[in-house]
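In: this one's structure only:
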């Protein structure tokens, strides 16, 4: 007697058209969207991605699949085996190991899950410290937030994302990081893996790699695979961060797939449902309520713009989906302002809700001060004389901009940022020559890290109360005397 499972698996389809793994199939009358298709031997062969009047649209995992062969329904959605063993591994866009360490064990989990309902979520209030001063002070991120990294190529978007991963090494509670490489060059992947190995980031990181040379199926599925791995940890009460590098290349891969399937092109030749594709992906990032475990999944999608144009189709889509954006500007990069983040065009819609209270106390007026500084600079170029108050504001703005500069692969904890910008607010940089600002910062932070770790711990646990302020002031007073004397 045949079971319903046998009936499903006996339903088969033949290939009508096939190009680069993108195919149209006949038969398969009852197949479901995202269902896994099997070859004659029962091995995974393709995934269903759509339907049209002529039949079923599918992506094949093997671009050399025999055209005369038939494929069979599996009755199950495309899934990968997921477990905690993924940490430290490098897998491809189909979840298969690339590091030579053998298959990753786990339980089969669909990669096309629904986003958690609103009732299962809670507001994003827990900080996700990045170790990058300009982000932690002006564009604070929270666990469960979706923040877009956007800008032209070669401005440091991927470097920024990698540095955020490196900063999670000592995060408490720990954050599991998933770095999805989609459509990037093989060399980029090799450099990223080398960096993570050198910095011991694989102790808490997974890399999902679908480079430009990978199949269209891998490039299409990689972000969903990475998201599913993050959801595994989130749904078990842990915290995770997934980086999509980058979704503009993912959109281009989806455009190629759609054009090969003869779907009608829309704006900039992208299919209209690319918005839905990315929205369903990013909506899965969430901070779950305590009754659902209290875990979180934050998402940092990366988008590449052309000549700074943020009004093109894919950037406007992602801006409308996410909770804010970090905008990198070429003009700042050329002036040597690294990271080249334009604070005026960047925004975090979670904002101070996810910022440590002590840091919020010392940098609360920074964005306004930087905006005033920019306007006063324009005024000073037109006026021969400006007031003393305006001159002081310009100098304070120059100081803040100088201190917000940061070399790549360096990190400053939020507690150290509290000490640094407390020194700014209390005027400890006043009277120093401009070329001495960076030395003062570097030596002060080294002193606090090496000699006063208990003070940083106190800031983290107690906050910025009167007793803590007195201790910080004494440390900076003593240091400044030695610095000026030297």
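Out: Noted; the coordinates are in hand. On a predicted model such as this, the values are computed, not experimentally measured, just so you know. Numbers count the residues shown, from 1 in each chain.

In: residue nearest the centroid of this protein?
Out: Nearest to the geometric centre of the chain sits residue 300, at 2.1 Å (C-alpha atoms, centre = their mean).

In: Not counting its neighbours along the chain, what's nearest that one?
Out: Spatial nearest neighbour of residue 300, excluding adjacent residues (C-beta to C-beta, 6 or more residues apart in numbering): residue 243 at 4.7 Å. For the C-beta atoms, the positions are set from N, CA and C on the backbone; glycine is no exception.

In: Show the subsequent helix or strand relative to the helix or strand that neighbour falls within.
Out: Residue 243 is part of strand 239-245 when elements are defined by DSSP states H and E. Later in the chain than strand 239-245, the nearest helix or strand by DSSP H and E is helix 247-260.

In: For the helix or strand that that next one is followed by, buried residues please.
Out: Using DSSP H and E, the helix or strand that follows helix 247-260 towards the C-terminus is helix 274-282. Under the neighbour-count criterion of 16 or more other C-beta atoms under 10 Å, helix 274-282 has 274-275, 277-282 buried.

In: for helix 274-282, the distance to its chain's centre please.
Out: With C-alpha atoms, centre = their mean, to the nearest Å as the basis, helix 274-282 stands 15 Å off its chain's centre.

In: who does that helix touch, helix- and strand-wise?
Out: Using 3 or more C-beta pairs under 8 Å, 6 or more residues apart in numbering; DSSP states H and E, the elements in contact with helix 274-282 are helix 216-234, helix 247-260, strand 296-304, helix 313-321.

In: Break the protein down into its domains, please.
Out: 4-77, 81-355, 361-485 (automatic domain parsing).

In: Pick the most deeply packed of the ones you listed.
Out: Compared across the domains of the chain, domain 81-355 shows the largest average neighbour count, a mean of 20 (mean count of other C-beta atoms under 10 Å).

In: Wasn't residue 476 part of a strand?
Out: No: Residue 476 is assigned helix when assessed by DSSP: H, G, I helix; E, B strand; the rest coil, not a strand.

In: so what's it up against?
Out: Contact partners of residue 476, counting by C-beta atoms under 8 Å, 6 or more residues apart in numbering, are 419, 422-423, 426, 428, 444.

In: Of these, which is the nearest to residue 104?
Out: Nearest to residue 104 among these: residue 419, at 42.1 Å, using C-beta to C-beta.

In: next one: phi and psi at the closest one?
Out: When read as degrees, to the nearest 10, the backbone of residue 419 gives phi -60, psi -50.

In: And it, how far from residue 486?
Out: According to C-beta to C-beta, to the nearest Å, residue 419 and residue 486 sit 20 Å apart.

In: what's the distance between the nearest residue to residue 120 once chain neighbours are set aside and residue 238?
Out: Closest residue to residue 120 apart from its sequence neighbours, by C-beta to C-beta, 6+ apart: residue 292 at 5.0 Å. As judged by C-beta to C-beta, residue 292 and residue 238 stand 13 Å apart.

In: now this structure, which segments are flagged as low pLDDT?
Out: Applying pLDDT under 70 to the chain flags the ranges 1-9, 381-384.

In: at 50 instead, please
Out: Scanning the chain for pLDDT under 50 picks out 1-2.

In: Quick one: end-to-end length of stretch 29-42, please.
Out: Taking C-alpha to C-alpha, to the nearest Å, the first and last residues of stretch 29-42 lie 19 Å apart.

In: How far does that stretch sit from its chain's centre?
Out: 33 Å.

In: before we move on, what about stretch 142-153?
Out: Centroid separation for stretch 142-153 versus its chain: 6 Å, with C-alpha atoms, centre = their mean.

In: hmm, back to that, for the residue nearest to the centre of the chain, give me its contacts.
Out: Going by C-beta under 8 Å, 6+ apart, residue 300 touches 146-149, 161, 164, 241-244.

In: For residue 77, see how far away it is.
Out: 26 Å.

In: How about residue 198?
Out: For residue 198, the distance to residue 77 (C-beta to C-beta) stands at 38 Å.

In: same thing with residue 136?
Out: Computed as C-beta to C-beta, the residue 136 to residue 77 distance reads 39 Å.

In: ditto for residue 51
Out: With distances taken as C-beta to C-beta, residue 51 is found 15 Å from residue 77.

In: now residue 151
Out: Taken as C-beta to C-beta, the span from residue 151 to residue 77 is 36 Å.

In: Provide a list of residues in contact with residue 193.
Out: Residue 193 makes contact with 90, 207, according to C-beta under 8 Å, 6+ apart.

In: I'd assumed residue 432 was in contact with residue 398.
Out: No: checked against C-beta atoms under 8 Å, the pair residue 398 and residue 432 is beyond contact range at 12.0 Å.

In: Does residue 284 belong to a helix, a strand or coil?
Out: At residue 284 the chain is in coil, as set by three-state DSSP.

In: which non-adjacent residue is nearest it?
Out: Per C-beta to C-beta, 6+ apart, closest to residue 284 is residue 115, 4.7 Å.

In: Surely that neighbour forms part of a helix?
Out: No: according to three-state DSSP, residue 115 belongs to no helix; its state is coil.

In: quick one: residue 322 from residue 69, how far?
Out: According to C-beta to C-beta, residue 322 stands 42 Å off from residue 69.

In: just residue 327 next, same as before
Out: Here the criterion is C-beta to C-beta. By it, residue 327 lies 49 Å from residue 69.

In: before we move on, what about residue 96?
Out: 21 Å.

In: just residue 219 next, same as before
Out: Residue 219 is 24 Å from residue 69, by C-beta to C-beta.

In: Please apply the same query to residue 177.
Out: Distance, residue 177 to residue 69, by C-beta to C-beta: 40 Å.

In: try residue 138
Out: Distance of residue 138 to residue 69, computed by C-beta to C-beta: 57 Å.

In: ditto for residue 416
Out: 61 Å.

In: And residue 133, by the same measure?
Out: Computed with C-beta to C-beta, the distance linking residue 133 and residue 69 is 57 Å.

In: Residue 267 too?
Out: 38 Å.

In: and what of residue 318?
Out: Distance, residue 318 to residue 69, by C-beta to C-beta: 39 Å.

In: quick one, which of the helices and strands packed on helix 274-282 is nearest to residue 407?
Out: Once those are compared by C-beta to C-beta, strand 296-304 is nearest, at 20.5 Å.

In: how much does the closest one deviate in direction from helix 274-282?
Out: Angle between the axes of strand 296-304 and helix 274-282 is 150 degrees (criterion: axes from the mean of the first three to the mean of the last three C-alpha atoms, to 10 degrees).

In: returning to what we had before: out of the buried residues of helix 274-282, which one sits closest to residue 100?
Out: The closest of these to residue 100 turns out to be residue 281 (C-beta to C-beta; 29.2 Å).

In: Doesn't residue 30 lie inside a helix?
Out: No: counting by three-state DSSP, one finds residue 30 to be coil, located in no helix.

In: nearest residue to it other than its sequence neighbours?
Out: In space, and not counting its chain neighbours, residue 30 is closest to residue 11: 6.4 Å by C-beta to C-beta, 6+ apart.

In: Surely the one you found touches residue 32?
Out: No: the criterion here is C-beta under 8 Å, and residue 11 misses it with residue 32 at 11.4 Å.

In: mind checking the SS state of residue 164?
Out: Using three-state DSSP, the structure places residue 164 in helix.

In: The residue nearest to it when sequence neighbours are not counted: what's it in contact with?
Out: For residue 164, ignoring the flanking residues on the chain, the nearest one in space by C-beta to C-beta, 6+ apart is residue 130 at 4.6 Å. Residues near residue 130 by C-beta under 8 Å, 6+ apart: 136, 141, 163-164, 167.
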